[in-house]
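> Dropping the sequence and predicted coords here.
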Amino acid sequence: MTDAIPCIQSSGVTLVLVVSNIDLTTDLPIMNPSTFLESSIKDFTLNINNDYRYLKTGYYVSLHAEILGNPVIPSSENIIDAYRIPILLLRASKAGIPTMPYLVTGSVKQIISEFDFPVVVFAVNPFSYEGYKIAKNRSALYRAVKSLGMNYKFTVCAQPLKGEMLSFNSIFGKCELEGNAREISEKIYGLLKIPICKLHVQRIGEKVYLCGLQPLKKEELFPSGLKMISEGILQISKNGENLIG
Amino acid sequence: MASIACFVEKYNFTDPKEALALENFKIAAEKMDCKFNFMFRENLLEIPKYDAVFIRATTDPLFTAYIVSKTAWEMGLKVVDDPKSIQICGNKIHLYALFKKYNVPHIPTIFINKDELHHKRILDIFKTFGRPVVVKAPYTSFSKYVEKVACETSFRDVAKRFFRKSDVLVVQKFMPTAFDWRVGVLNGEVLYVCKYMVPKGRWKHGAKRRGKPSFVWGRTISLKRENAPVKLKETALKACEVVGRGLYGVDIKEINGDYIVVEVNDNPSIYAGYEDLRDKDLYSKIIAYLVD
């Protein structure tokens, strides 16, 4: 375990321990999550994972780093908050990132009384890979609330749909879109430091509003994305802990 | 006049003793000139109208209660349970890792991840802890998702079931006792003390009836906090120190005069006639903490 500790030395100042479940097309030394979870290495830890959801390995890597006292990207608190849509929107809004109005509820009637159709419905449970559903009428809304609420066990987060939904990969805050979408991607990374995720936004005219965030599936990471991850790691190795907000 | 929202779900009113305890909170608040309203999941838009939020619905980072807690916290309201306490107590991996780090006496514990579910590792665990061992899912509450296993087949069956939700599990030495101490703690002070008895022939305070979905619960014996052993109370406070300054229920085993922490629970059960039997002031103390 301690024979070859995979760290990046930069400028003689910062050691970065990269823990990743993704095969990167790079010569960078990488430790796999299982090995890290049994280790007690004390270094600034960069946790690279396509899926940081609560209770999943990506979450436990950040938690383990924190227990060891390591500065870590991302933090376990930010992981929980990022995937809970209402908390994501609340924190984003406080940070000045444009968001849509939202309602957390398990009641279809309440959604109808607050918003006109169509409505975008997100799950408020981090088990869902489903993203969101658009309900254009009452029966579609009932189906969406039942499905995303896991048979009404969990609440859902409803938002009015006033424009067009866009979804895109965000890697270290970078994305392949231009303009306001790119700005939101950068700001969300600045706020929560989730290195790899998919963002859902709504474009209304010229403006873009944050709607949600979800994990990426490994098959959604194309070579361009893998390259962006490697670049992001190198960037952090140069700036080290200064990048932790 | 301070106003408190008490976040509850419908199931909080199904047991008359819990419903009565909730009513007692309301009475205590009103005696202290505070407004106390029950808030259900349909009323979350009202959170900003309140000065404090008291959560009685079951907490877990996956549940609506966390959304309520974090929302209130972000808005600057006083909140019990606070989101950090929910994050720590809602995940036993997190909790036991802190116990290890800060030397809180606790049941011998190891963590296993999916890659470790193999013959050699399981044999190692039995060799270290003896048989049976206890396998816990990190999200356990109310004695659920905690199972005793004595052979490799059972170990694999239980672990595979728990691994569906969590990629890491807790394995502990089996340490049976006739009861667990339950120490209620608020803001670093002992609030109440009781014994949660284990039903005859069982090994947990709450045990599932064979072939039925319902649970059988052991008796609760209360004693005045002043009369509880000093070392017990010190152990409970030490365990809470690593979590926070909120409201907790600490489960502790007494073995040969030593006190060993089983776990710290946020959002501890408070049932009229049980936890409050000897220390009726627990309601006013919690309300006072919320509006302080």
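Received it, and whenever you're ready, just let me know what you need.
> Could you pull up phi and psi at the spatially most central residue of chain A?
For chain A, the residue nearest the mean C-alpha position is A:C197 (4.1 Å; Cα atoms, centre = their mean). Dihedral pair for A:C197: phi -160, psi 170, per degrees, to the nearest 10.
> For the strand or helix carrying B:K285, enumerate the helices and strands it packs against.
Here B:K285, judged by DSSP states H and E, is contained in helix B:282-291. Secondary-structure packing of helix B:282-291 (3 or more Cβ pairs under 8 Å, 6 or more residues apart in numbering or on different chains; DSSP states H and E): strand B:3-7, helix B:16-31, strand B:52-55, strand B:78-80, strand B:179-186, strand B:189-197. C-beta here means a position set from N, CA and C on the backbone, and glycine is covered the same way.
> Buried deepest among the ones you listed, which one?
Among those, strand B:52-55 has the highest mean neighbour count (mean count of other Cβ atoms under 10 Å in any protein chain shown), at a mean of 25.
> Can you name the next helix or strand after that one?
Strand B:52-55 is succeeded, C-terminally, by helix B:64-74 (DSSP H and E).
> Give me the contacts around that next one.
By Cβ atoms under 8 Å, 6 or more residues apart in numbering or on different chains, the surrounding residues in contact with helix B:64-74 are A:80-81, A:84, A:86-87, A:90-91, A:94, A:104, A:124, A:154-155, B:7, B:9, B:39, B:41, B:44, B:47, B:50, B:52-53, B:55, B:57-60, B:79, B:81-83, B:86, B:90, B:267.
> Separate out the buried members of those.
Buried by 16 or more other Cβ atoms under 10 Å in any protein chain shown: A:80-81, A:84, A:86-87, A:90-91, A:104, A:124, A:154-155, B:7, B:39, B:41, B:44, B:47, B:50, B:52-53, B:55, B:57, B:59-60, B:79, B:81-83, B:86, B:90, B:267, out of the contacts of helix B:64-74.
> Among those, which are located in strands?
Residues of those located in strands (DSSP state E): A:104, B:7, B:39, B:52-53, B:55, B:79.
> of all the residues you listed, which comes closest to B:E152?
If you rank these by distance to B:E152 using Cβ to Cβ, B:I55 comes first, at 40.5 Å.
> can you pull the contacts of the closest one?
Taking Cβ under 8 Å, 6+ apart, we find B:I55 in contact with B:6-7, B:65, B:68-69, B:79-81, B:267.
> what's around residue 198, how many residues?
Picking chain A for this. Counted by other Cβ atoms under 10 Å in any protein chain shown, the residues lying close to A:K198 total 19.
> My question was about chain B, not that one.
Counted with other Cβ under 10 Å, the neighbours of B:V198 add up to 20.
> I figured it was touching B:G218, is that so?
Yes. Judged on Cβ atoms under 8 Å, B:V198 makes contact with B:G218 at a distance of 5.1 Å.
> quick one: B:T177 is in a helix?
No. Assignment of B:T177 by DSSP: H, G, I helix; E, B strand; the rest coil gives coil, placing it outside any helix.
> That one and B:V264, how far apart?
Per Cβ to Cβ, to the nearest Å, B:T177 is found 18 Å from B:V264.
> Which residue of these two possesses the greater neighbour count?
More neighbours surround B:V264 than the other of B:T177 and B:V264, with 29 against 15 (other Cβ under 10 Å).
> three-state assignment of that one?
Quick answer, by three-state DSSP: B:V264 is strand.
> residues of the helix or strand of chain B with the lowest mean pLDDT that come out buried?
Ranking every helix and strand in chain B by mean pLDDT, DSSP states H and E puts strand B:206-208 at the bottom, with a mean of 74. For strand B:206-208, burial by neighbour count (16+ other Cβ under 10 Å) applies to B:206-207.
> Show me what the following helix or strand past that strand packs onto, helices and strands only.
Toward the C-terminus, strand B:206-208 is succeeded by strand B:215-217 as the next helix or strand (DSSP H and E). The helices and strands touching strand B:215-217, judged by 3+ Cβ pairs under 8 Å, 6+ apart, are strand B:206-208.
> which other residues reach the strand it packs on?
B:142-144, B:199, B:214-218.
> what about 10 Å?
B:142-144, B:146-147, B:196, B:198-199, B:201-202, B:214-218 (Cβ atoms under 10 Å, 6 or more residues apart in numbering or on different chains).
> closest to chain A among the residues you listed?
B:K144 (14.9 Å; Cβ to the nearest Cβ).
> and the closest one, how many neighbours?
B:K144: 13 surrounding residues under other Cβ under 10 Å.
> residues from the stretch 101-250 of chain B in reach of chain A?
The stretch 101-250 of chain B has residues B:101, B:111-116, B:137-139, B:165-168 near chain A, with proximity defined as Cβ under 10 Å from any Cβ of the partner chain.
> ok, now with 7 Å
Residues of the stretch 101-250 of chain B found near chain A (Cβ under 7 Å from any Cβ of the partner chain) are B:101, B:113, B:115, B:138, B:165-168.
> Identify, from those, the entry nearest to A:P160.
A:P160 has its nearest neighbour among those in B:K165, at 32.9 Å by Cβ to Cβ.
> Does that closest one touch A:K56 like I think?
No. With contact defined as Cβ atoms under 7 Å, B:K165 does not reach A:K56; the gap is 9.4 Å.
> where's B:A150 relative to B:V158, distance?
11 Å.
> Sorry, wrong one. I was asking about B:K127.
In this structure, B:K127 lies at 19 Å from B:V158, with Cβ to Cβ as the measure.
> can you check B:V104 too?
The gap separating B:V104 from B:V158 is 26 Å, by Cβ to Cβ.
> So for the helix holding B:K285, what gets flagged as buried?
B:282-291.
> is it possible to export the residues you listed to CSV including pLDDT?
CSV is the format used below for those (pLDDT from 0 to 100):
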residue, pLDDT
B:L282, 97
B:Y283, 98
B:S284, 98
B:K285, 98
B:I286, 98
B:I287, 98
B:A288, 98
B:Y289, 98
B:L290, 98
B:V291, 96
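> between these, which is closest to A:G69?
In terms of Cβ to Cβ, no member of the buried residues of helix B:282-291 lies closer to A:G69 than B:Y289, at 30.2 Å.
> show me what contacts that closest one?
B:186-187 (Cβ atoms under 7 Å, 6 or more residues apart in numbering or on different chains).
> And A:I67, by the same measure?
Going by Cβ under 7 Å, 6+ apart, A:I67 touches B:97-98, B:101.
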